[in-house]
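Undergrad: Predicted model follows, preceded by the sequence.
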Amino acid sequence: MKVVIVGGVAGGATAAARIRRLNETARILVFERSGHVSYANCGLPYYIGGVIEQESALSLQTPESFWKRFRVEMKTRHEVTAIHPDQKTVSVRRLEDGMEFEESYDKLLLSPGARPVRPPVPGLDSRRLFTLRTVEDTTRIHRFIQEKKPRSAVLAGGGFISLELAENLKHLGMDVTIVQMDDQLLLPFDKEMASFLHTRIRQAGIRLLLGHAVTGFSDTETGIEVQIQDSPSIEADMAVLAIGVAPDTDLARKAGLKLGVKGSIAVNDHMETSIPSIYAVGDAVEIHHGVTGAKTLLSLAGPANKQGRIAADNICGRESRYRGAFGSSVLKVFDLTAASTGLNERAAKAAGISCDKVYLSPASHASYYPGGEPMAMKVLFEPETGRLLGAQIVGRDGVDKRIDVLASALFAGLSGDDLADLDLAYAPPYSSAKDPVNMAGYMIENLRSGLLKQFFWEEADAAGQKKDAVLLDVRTGEEYERSHIPGARNIPLDQLRDRLGELDPALPVYAVCQSGLRSYLACRILSQHGYECFNLSGGFRLYESASS
């Protein structure tokens, strides 16, 4: 059997190694148009910032090491220019000298990845404008920084790569501005959760221009001018275009393969395309979302690696199916960690899924053990069934652990109530006896059973202005004096039972505390004394961040 793979990196390289492990006699050829067959995309910004010191550390394998260990023929700087399904051949151009030739295959695997989106704006040919997708891109930026010593940079886009690069450029001492068309960074997160990141990024000295679109670039005598819609232009020493990626599927389209959402390659759960003997994996293929079941695109390394393995299994005659993905991701933003899985609230509503939510601010480990840090958590669920829909967490320690537990719960089809029963490891340096994931389960259980009613940060200002209700802040007097929601009156929780006479039982009470815990306890007291009480989910901490 002869297998030709178009593209290395995550999906293609994984498939090549797996095919060899399953079939020692197959001939395996990989054509990669860049100079690197297997490299760490996610590490590119950290090489630019000097966190990863050697460029060689980005290459997970070389053509020589792949041949030595797996007897896979890795052909770098070779571009496949056409697929001929009827002849079962591909046309290849050797980029170093332009020589063209035909290569036959028994099985063909496409792993072309995605390309940076380049909008139709002027100035894209500027030598001071960069994209960051490949090792070559990274080398270009790194060389420019070493030679030109830029002092300022503008990043167009507010996704993962842009934020990682912004941190690393700031680490190098640059003045950094991020321009984002949407009114928030990181669209997998809901706006109020992204607000914690906005605050931290601004504290680090990075300027955010949210809700503004870049309309063009032009070179100046000393730098590059970035034109911005409804805002003055910004001149900087360099700029990076990081507004997203699109599936690189020109080759598949010209070969007549069926395409899917946003021009991606349509595949079945065996990773087979519409043409027999041709498979496809990675950022270029559509998959089904694990929550909605709808077709979607996810440009993430984890799914690409899994798909490469599954395609290899099926190429070698082993039954293997891809079960979709939930978009689980994690990101370092200075000393914060941001992670998400499943749907956010916007996506749930867009999919027509009934959605409720809980916010909580638990400590990363037992409060009595030194060093605990608060996390902001949002867990979404379907109120009628309790089905988990997604989660977002922002904090310092323990974020990755909790998002992985919640991602596993999503995959297993657990309900929000089931989270309360998960048997999770506990020791004071790592967690609490009631882990934050368990706490989310308790809250969902209380909501669905009717034991708890809640309201949300965007409703808090209106609650403070109601004449037929009471906005009650149950924090200490000192906390209240530092800052509070306009219109709130203060009765500290520990005084509440003795001061019930100050509240009119005919008026609903909207209870507020710093995180939502004390106000929940206040609601339990008030409810058992005949008051209708609503708890501010996420507390004043979330309100203050989201309202700023």
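TA: That came through fine. Residues are numbered from 1 along each chain as shown.

Undergrad: which stretches of the stretch 151-300 of the chain have low pLDDT?
TA: Of all residues in the stretch 151-300 of the chain, none has pLDDT under 70.

Undergrad: what comes up buried for stretch 91-107?
TA: Residues 92-93, 103, 105, 107 are the ones in stretch 91-107 that count as buried (16 or more other Cβ atoms under 10 Å). Yep, even glycine has a C-beta here, placed from its N, CA and C like the rest.

Undergrad: Spatially, which two of those are the most separated?
TA: Arg93 and Lys107 (21.7 Å; Cβ to Cβ).

Undergrad: Need the phi and psi values for the residue nearest the centre of the chain.
TA: Closest to where the C-alpha atoms of the chain average out (Cα atoms, centre = their mean) is Ser329, at 4.3 Å. Backbone torsions of Ser329, given as degrees, to the nearest 10, read phi -150, psi 160.

Undergrad: check contacts around it.
TA: Contacts for Ser329 (Cβ atoms under 8 Å, 6 or more residues apart in numbering) come out as 160, 188, 300, 339-341.

Undergrad: And for stretch 214-232, what's in contact with it?
TA: With Cβ under 8 Å, 6+ apart, stretch 214-232 has contacts from 119, 121-124, 126-129, 152, 154, 156, 179, 181, 209, 212-213, 233-239, 243.

Undergrad: Show me which of those are buried.
TA: 123, 126, 128-129, 152, 154, 156, 179, 181, 209, 212-213, 234, 236-239, 243.

Undergrad: Sitting in strands, which of those residues do you find?
TA: If you go by DSSP state E, the buried ones among the contacts of stretch 214-232 have 129, 152, 154, 156, 179, 209, 234, 236, 238-239 in strands.

Undergrad: Kindly reformat those as a markdown table and extend each row with distance to Met99.
TA: Below are these laid out as a markdown table (distance: Cβ to Cβ, whole Å):
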| residue | distance to Met99 |
| --- | --- |
| Leu129 | 32 |
| Ser152 | 43 |
| Val154 | 41 |
| Ala156 | 38 |
| Val179 | 43 |
| Leu209 | 47 |
| Ile234 | 45 |
| Ala236 | 41 |
| Met238 | 36 |
| Ala239 | 36 |
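
Undergrad: Just give me the closest of these to Thr76.
TA: Closest approach to Thr76 among these (Cβ to Cβ): Leu129, at 25.9 Å.

Undergrad: coming back round to it: separation between the residue nearest to the centre of the chain and Tyr322?
TA: Relative to Tyr322, Ser329 is positioned 18 Å away (Cβ to Cβ, to the nearest Å).

Undergrad: Ok, Glu64 next?
TA: For Glu64, the distance to Tyr322 equals 31 Å [Cβ to Cβ].

Undergrad: Who has more neighbours out of the two?
TA: With neighbours defined as other Cβ atoms under 10 Å, Glu64 and Tyr322 compare such that Tyr322 has more, 21 against 9.

Undergrad: Might you report the residue contacts of the more buried one?
TA: Tyr322 is in contact with 269-271, 287, 306-307, 310, counting by Cβ under 8 Å, 6+ apart.

Undergrad: Repeat that for Leu536.
TA: Residues near Leu536 by Cβ under 8 Å, 6+ apart: 454-457, 460, 510-513, 516, 519, 543.

Undergrad: Helices - which of those residues land there?
TA: 460, 519, 543 (DSSP state H).

Undergrad: Which helix or strand lies directly C-terminal to the helix or strand of the chain with the lowest mean pLDDT?
TA: Across the helices and strands of the chain, mean pLDDT, DSSP states H and E gives its lowest value to strand 38-39, namely a mean of 68. Proceeding N to C from strand 38-39, the next assigned helix or strand is helix 44-48, under DSSP states H and E.

Undergrad: How many residues are close by Glu136?
TA: Glu136: 11 neighbours (other Cβ under 10 Å).

Undergrad: Where do the strands of the stretch 251-400 of the chain begin and end?
TA: For the stretch 251-400 of the chain, the strands defined by DSSP state E, counting those that start in this stretch cover 278-280, 287-288, 295-296, 329-333, 336-342, 356-360, 376-381, 388-395.

Undergrad: I'd like the ones you listed written out as TSV, with distance to Asp97 added.
TA: Output for the strands of the stretch 251-400 of the chain, formatted as TSV (distance: least, Cβ to Cβ, whole Å):
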stretch	distance to Asp97
strand 278-280	28
strand 287-288	38
strand 295-296	41
strand 329-333	41
strand 336-342	46
strand 356-360	59
strand 376-381	55
strand 388-395	50
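
Undergrad: Can you tell me which of these is nearest to Gly464?
TA: Here strand 356-360 is closest among these (Cβ to Cβ), at 18.6 Å.

Undergrad: CA atoms of that closest one as PDB?
TA: Output in PDB follows, covering the C-alpha atoms of strand 356-360 (Å, rounded to 0.1, in the frame of the first residue of the first chain):
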ATOM      1  CA  ASP A 356     -29.600  28.900  32.000                       C
ATOM      2  CA  LYS A 357     -26.300  29.600  33.800                       C
ATOM      3  CA  VAL A 358     -24.600  29.800  37.200                       C
ATOM      4  CA  TYR A 359     -21.700  32.000  38.100                       C
ATOM      5  CA  LEU A 360     -19.400  31.300  41.000                       C
END
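
Undergrad: Could you point out which residue ranges in this protein have low pLDDT?
TA: 39-40, 59-60.

Undergrad: Provide a list of residues in contact with Gly395.
TA: For Gly395, the contacting residues are 336-337, 364, 373-376, by Cβ under 8 Å, 6+ apart.

Undergrad: let me redo that: Ile48
TA: By Cβ under 8 Å, 6+ apart, the residues touching Ile48 are 132, 138, 141-142, 145, 165, 168-169.

Undergrad: so which of the ones in strands among the buried ones among the contacts of stretch 214-232 comes closest to Asn314?
TA: Of all those, Asn314 sits closest to Ala156, with 39.8 Å by Cβ to Cβ.

Undergrad: beta partners of the closest residue to the closest one other than its chain neighbours?
TA: Nearest residue to Ala156 in three dimensions, chain neighbours excluded: Val214, at 4.3 Å (Cβ to Cβ, 6 or more residues apart in numbering). As for beta bridges, Val214 partners with Ile228 under DSSP bridges.

Undergrad: and if you look at Val394?
TA: Ala338, Ala376.

Undergrad: Tell me which residues touch it, please.
TA: Val394 touches 189, 193, 196-197, 336-339, 375-376, counting by Cβ under 8 Å, 6+ apart.

Undergrad: do the same with Thr62
TA: If you count contacts by Cβ under 8 Å, 6+ apart, then Thr62 has 37, 74 around it.

Undergrad: would you say Arg115 is within a helix?
TA: No. Counting by DSSP: H, G, I helix; E, B strand; the rest coil, Arg115 is not found in a helix; it is strand.

Undergrad: was I right about it contacting Asp248?
TA: Yes. Arg115 lies in contact with Asp248 (Cβ atoms under 8 Å); the separation is 4.7 Å.

Undergrad: In terms of neighbours, single out the busier of those two.
TA: Counting neighbours by other Cβ under 10 Å for Arg115 and for Asp248 shows that Asp248 has the greater number, 20 against 17.

Undergrad: measure the more buried one to Gly260 for me?
TA: Asp248 is 14 Å from Gly260, by Cβ to Cβ.

Undergrad: Tell me the buried residues in stretch 283-302?
TA: Of all the residues in stretch 283-302, those buried under the rule 16+ other Cβ under 10 Å are 283-287, 289-292, 296-301.

Undergrad: which ones are touching the closest residue in space to Ile224 that isn't next to it in sequence?
TA: Sequence neighbours aside, Arg128 is the residue nearest to Ile224 in space, at 4.1 Å (criterion: Cβ to Cβ, 6+ apart). Listed by Cβ under 8 Å, 6+ apart, the contact set of Arg128 reads 144, 219, 223-224, 237-239.

Undergrad: swap the cut-off to 7 Å and go again
TA: Residues near Arg128 by Cβ atoms under 7 Å, 6 or more residues apart in numbering: 219, 223-224, 238-239.
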